[in-house]
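> Structure here, sequence nowhere to be found:
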């Protein structure tokens, strides 16, 4: 049979590879197209469009590029792919879905989406949509959902607290609520007023679920100011009754769990813009120390200790509470700095909601150290604010707080190293402590050796840790060996066999024994060695038995034969006279043989 | 033997012969300086005493009594922040020295904030001895209990009775406790840094940079925990609620 080798040209292989790589893209190249569609062409500012761009007959295409849509807010809501096979003809398509939320009214053209595939540009169809204004507010009474906003005052003073309230009225279930309440940070400072309130309200005989959320705004600039429209996005859930209207279980089976009896509609509800006129605070009656506080406030002060010794500290706590821009309250420590050294602490603030007004309590703490002894007074601390309800300025102040500073026994010039008397240290006996000072320096030179943790210490510590462990390992090995020798007879015989045999061979070589007795003793020593090694009882076994036992214990055949021959030689020599030189030769031969056997064991 | 090998050999012999002599000379020189600084202190020339003590510390002369004496000299100069800082350094090496404790307490009472060194809470309650034993003492104890444990283990292996077993278990328990205690002490000393405010009054900022909000103020001698160091700023805390950034030059640690 002849085998001929066929060489495949490398060009063919390369082409095949290229085909495999490009196949998915070029498979349907004749049918590639891109289309666009919308779920509706006419809508209001409260609605949204579902815009779908479908790429046909391309596997894994890149995302088509949408035309600029400045009049819409565009959000991707996912992709959908489908594959269909008709008579071995496979069709695939991928649909990219977007939600378009209109920003303005008018007629708009949604331009072509573009797909660039390996240099070829594919374009979708363009679509025209019309956006209208929603129906007038007066028709709210029959709406399923609508929103309202309100402001507590249309012409507030600068820094006066405004409450901006957003309300959602709905008759249907709503999901995925997303509220955006924009405001200009350069015109207002914002404070949140807690979580949304939920309640029911009947309007024109129709019951609505109302969700209400408020925020406090503090105008920062005088003049016209705008609060932009708030925008609420939500999905309204419509429940269809089906043909179970008379069915008492209809409510039960209308649950979404039992099938598609609900329909979700995405809505965008926009409120009206609010125009405000921010008024300047009147100049008339403005106090000298007025610091732009607007609202209603009260002030109180408390002193920690009203009687103390010179050099001791007492804490003055000043609390300002009320409604308005309380966060802006500041206090000067200059008011009471004359007779005291003042150490102000960081103020603390606790926010509270009073009705529909935001307020709180700001606490200032000052550590006071009197400069001199005597009867002192903490002067009133004043605070001026503008009351927007009465449209006038108010100045409030704390009461004067008397303070008694005892001279004590301390030196006025407080020197850290001078004696510092402390009456509190008196021990109750007739001896009183007059002064305190630091204890003297240390002068014993032997204590001034270096205490640094150096490399020598490290080495010593490592040795200290490792050495006992090593000693333990060696000791435990030795102890275990001794215990085994003592407890395990076969192990003991095995371990000591070589030493005993060598000892006996030495004794035999140095003794002046008759040749016959010599070979008998030699044979006995070798048998005893093998008996000890293999834990055999007695020594009365023949060379054949020795060979058998050694074979059973997997000794090398060469060594077994050598042992057998030596034993046979010893047996034969018992009946044949031998010379002394032959004895020493036998001893050497035996020693070598035992060494060889020992190596294998 | 080649010339190069001969040079190495002679150098090694020279180092072996003269290194101990050099070390001894340095030690004696340091002791002379300490005597001199102590004399300056007694003569009320505290500035000169501080200079010598600082100089010795810069030369790696680590000794608890040296820090203690330096702390005393700073106290006499009225530099309470530096005094407390050196007392705290001394306390790491001399944890049971009563004079040191008394002077540290006294120094703290002289500060505005009167802040005491931060406590480790539960850890120090459970391992109550940890504060009273220095790191090197911990290591020495570890070695002693290590030797005892392994030799008791050898005894148990040899005698194999219940008395030796009890002894072995007790010594193992003590060794484990010492090991944990040493590890914690070493970690705390290496990682948990305590700092002291050295300036008269410092602002603790909300972030790195003087333009940031001042969260609170501390005064000279205030003891704080040092958490993190970044460029010229250090993150410090008084407790879990009060922390912020302070300029590195304002504190010592």
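That came in fine, so what should we check first? Since this is a predicted model, take the numbers as computed values, not measurements.
> Any buried residues in stretch A:443-452, and which?
Neighbour-count burial for stretch A:443-452, counted by 16 or more other CB atoms under 10 Å in any protein chain shown, picks out A:448, A:451. Where you see a C-beta, it was placed from the backbone N, CA and C, and this is true even at glycine.
> One more: stretch A:202-218?
Applying a neighbour-count criterion of 16+ other CB under 10 Å, one finds A:208, A:209, A:210, A:211, A:212, A:213, A:214, A:215, A:216, A:217, A:218 buried in stretch A:202-218.
> Let me know the helix or strand that residue A:453 is in.
Remark: residue A:453 resides in no helix or strand, with elements defined by DSSP states H and E.
> ok, how many other residues are close to the nearest residue in space to it that is not next to it in sequence?
Excluding the flanking residues, the one nearest residue A:453 by CB to CB, 6 or more residues apart in numbering or on different chains is residue B:136, at 6.0 Å. Counted with other CB atoms under 10 Å in any protein chain shown, the neighbours of residue B:136 add up to 14.
> Verify the contact between residue A:106 and residue A:129 for me.
No - contact criterion CB atoms under 8 Å: residue A:106 and residue A:129 do not qualify, at 9.6 Å.
> Got the domain ranges for chain A?
Domain segmentation of chain A under automatic domain parsing yields A:23-132, A:137-242+A:260-277, A:295-406, A:489-600.
> Which one, of those domains, ends up nearest to chain B?
Minimum separation from chain B across those (CB to the nearest CB) falls at domain A:295-406, 4.7 Å.
> per-residue confidence averaged over that closest one?
For domain A:295-406, mean pLDDT is 82.
> same thing with stretch A:551-570?
Here the average pLDDT along stretch A:551-570 is 84.
> Of residue A:106 and residue A:129, which one has the most company?
Using other CB under 10 Å as the criterion, residue A:106 and residue A:129 rank with residue A:129 on top: 20 against 10.
> Would you mind naming the residues that bridge with that one?
The partner list for residue A:129 in beta bridges (DSSP bridges) reads residue A:108.
> any idea of the pLDDT on it?
What the model reports for residue A:129 is a pLDDT of 90.
> Then residue B:247?
Confidence score, pLDDT, at residue B:247: 93.
> For beta bridges, what are the partners of it?
Residues in beta-bridge contact with residue B:247 (DSSP bridges): residue B:233.
> Give the rounded mean pLDDT of stretch A:502-515.
pLDDT averaged over stretch A:502-515 gives 83.
> what does the stretch 51-200 of chain B have sitting close to chain A?
Contact residues, the stretch 51-200 of chain B versus chain A (CB under 8 Å from any CB of the partner chain): B:60-66, B:68-69, B:72-73, B:75-76, B:78, B:80, B:93, B:99, B:102-103, B:106-107, B:110, B:112, B:135-136, B:139, B:142-143, B:146-147, B:149-151, B:153-154, B:157-158.
> Could I have the PyMOL command that selects the buried members from those residues?
Remark: buried members of these, expressed as a PyMOL selection using 16+ other CB under 10 Å:
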select buried, chain B and resi 61+62+63+64+65+66+68+69+72+73+75+76+78+80+93+99+103+106+107+110+112+135+139+142+143+146+147+149+150+153+154+157
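> which residues touch residue A:385?
A:290, A:293, A:294, A:295, A:296, A:297, A:324, A:393, A:394, A:396 (CB atoms under 8 Å, 6 or more residues apart in numbering or on different chains).
> likewise residue A:302?
A:316, A:317, A:319, A:401.
> Select, from those, the two members most distant in space.
Farthest-apart pair in the contacts of residue A:302 is A:319 and A:401; separation 13.6 Å (CB to CB).
> Now the common contact residues for those two.
A:301, A:302.
> For stretch B:235-242, buried residues please.
For stretch B:235-242, using 16+ other CB under 10 Å, the buried residues are B:235, B:236, B:237, B:238.
> can you give me the helices in the stretch 101-250 of chain B?
In the stretch 101-250 of chain B, helices defined by DSSP state H, counting those that start in this stretch lie at B:122-126, B:135-159, B:162-191, listed in chain order.
> what is the orientation angle of the longest one with helix B:135-159?
So the one you mean is helix B:162-191. In terms of direction (axes from the mean of the first three to the mean of the last three CA atoms, to 10 degrees), helix B:162-191 departs from helix B:135-159 by 160 degrees.
> Check the separation of the first and last residues in stretch A:306-323.
End-to-end span of stretch A:306-323 (CA to CA, to the nearest Å): 31 Å.
> what separates it from the chain centre, distance-wise?
Centroid separation for stretch A:306-323 versus its chain: 43 Å, with CA atoms, centre = their mean, to the nearest Å.
> same check, this time on stretch A:44-64
37 Å.
> swap in stretch B:210-225?
With CA atoms, centre = their mean as the basis, the mean position of stretch B:210-225 lies at 24 Å from the chain mean.
> how long is it from one end to the other?
Span of stretch B:210-225 from end to end, CA to CA: 20 Å.
> And for stretch A:365-382?
Stretch A:365-382: ends 15 Å apart by CA to CA.
> Give the buried residues for it.
The neighbour-count check on stretch A:365-382 (16+ other CB under 10 Å) flags A:365, A:366, A:367, A:368, A:369, A:370, A:373, A:376, A:378, A:381, A:382 as buried.
> which residue sits closest to the fifth one in space, ignoring its chain neighbours?
It refers to residue A:369. In space, residue A:369 is closest to residue A:341, 4.3 Å off (CB to CB, 6+ apart).
> name the element the one you found belongs to?
Secondary structure from DSSP H and E places residue A:341 in strand A:340-344.
> So which elements touch that strand?
In terms of contacts (3 or more CB pairs under 8 Å, 6 or more residues apart in numbering or on different chains; DSSP states H and E), strand A:340-344 is packed against strand A:357-370, strand B:214-219.
> Would you mind getting the angle between the following helix or strand past that strand and strand A:357-370?
Going down the chain from strand A:340-344, the next helix or strand is strand A:348-354, by DSSP H and E. Computed by the same axes, to 10 degrees, the angle separating strand A:348-354 from strand A:357-370 equals 150 degrees.
> Name every strand pairing with strand A:348-354 and say which way it goes.
Counting by DSSP bridges, strand A:348-354 is paired with strand A:357-370 (antiparallel).
> Adjacent strands (with direction) for the helix or strand that the strand it pairs with is followed by?
Downstream of strand A:357-370, the next assigned helix or strand under DSSP H and E is strand A:374-378. Here strand A:374-378 has these sheet partners by DSSP bridges: strand A:401-406 (antiparallel).
> does any part of the helix or strand following the partner strand sit near chain B?
Moving toward the C-terminus from strand A:401-406, the next helix or strand (DSSP H and E) is helix A:455-487. Yes - counting by CB under 8 Å from any CB, chain B is contacted by helix A:455-487 at A:457, A:461, A:464, A:465, A:468, A:469, A:471, A:472, A:475, A:476, A:479, A:480.
> most surrounded residue in the residues you listed?
Highest count within the residues of helix A:455-487 next to chain B by other CB under 10 Å belongs to residue A:468, 20 neighbours.
> and it, what is it in contact with?
Contacts for residue A:468 (CB under 8 Å, 6+ apart) come out as B:146, B:147, B:149, B:150, B:151.
> Closest one of the residues you listed to chain A?
Nearest to chain A among those, with distances taken as CB to the nearest CB, is residue B:150, at 3.6 Å.
> From residue B:40, how far off is that closest one?
Going from residue B:150 to residue B:40 by CB to CB, to the nearest Å gives 50 Å.
> likewise residue B:170?
Distance from residue B:170 to residue B:40, by CB to CB: 52 Å.
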